[in-house]
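Undergrad: Predicted coordinates and the sequence they were generated for:
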Amino acid sequence: MQHKIKLRPNEVSSFVSAASKCAFDVDISYNRFIVDAKSIIGVLGLNFNQILTVAYNGYDADFENYLKQFAVAV
């Protein structure tokens with residue numbers, strides 16, 4: 001599953017918290033730079049001017065609903 005999102009630095013803490021509740025791995029990336037979405041340090045190292053891709057294998061309804069607020073049309 002992949003979602004394109006736009007994230008701001010002040011939203012990182014809640015994003016990492018939501019990703020950490022998932023029972024599966026969640027990655028966030030742009031271009032070739034991929035980090036663990038459950039790592040606040042990793043996510044803070046991202047370029048927030050870019051459209052980010054959240055990728056994971058699994059399903060969590062709460063996480064899906066949470067991501068909708070950051071969704072961008074590509």
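TA: Received it, and whenever you're ready, just let me know what you need. Residues are numbered from 1 along each chain as shown.

Undergrad: Please enumerate the strands of the chain.
TA: Under the criterion DSSP state E, the chain carries strands at the ranges 2-5, 26-30, 33-36, 52-56.

Undergrad: Quick one, which of those strands gets closest to residue 45.
TA: Between residue 45 and these, the shortest separation by Cβ to Cβ is 6.6 Å, and it involves strand 33-36. For every residue, glycine as well, the C-beta is placed using N, CA and C.

Undergrad: what's that closest one packed up against?
TA: Judged by 3 or more Cβ pairs under 8 Å, 6 or more residues apart in numbering; DSSP states H and E, strand 33-36 is in contact with strand 26-30, helix 40-44.

Undergrad: I'd like the distance between the closest residue to residue 30 other than its chain neighbours and residue 28.
TA: With Cβ to Cβ, 6 or more residues apart in numbering as the criterion, residue 30 has its nearest non-adjacent residue at 4.2 Å, and that residue is residue 50. With the distance defined as Cβ to Cβ, to the nearest Å, residue 50 ends up 11 Å from residue 28.

Undergrad: quick one, which of these two is more surrounded?
TA: With other Cβ atoms under 10 Å as the criterion, residue 50 and residue 28 differ in neighbour count, and residue 28 comes out ahead with 25 against 13.

Undergrad: can you pull the contacts of that one?
TA: 19, 34-35, 37, 42-43, 46, 52-55 (Cβ atoms under 8 Å, 6 or more residues apart in numbering).

Undergrad: Try it again at 10 Å.
TA: 3, 5, 7, 15-16, 19, 34-39, 42-43, 46, 52-56 (Cβ atoms under 10 Å, 6 or more residues apart in numbering).

Undergrad: Now restrict those to buried residues only.
TA: Buried by 16 or more other Cβ atoms under 10 Å: 3, 5, 7, 15-16, 19, 35-38, 42-43, 46, 52-54, 56, out of these.

Undergrad: coming back round to it: what touches both of residue 50 and residue 28?
TA: Taking Cβ under 10 Å, 6+ apart as the contact rule, the neighbours common to residue 50 and residue 28 are residue 7.
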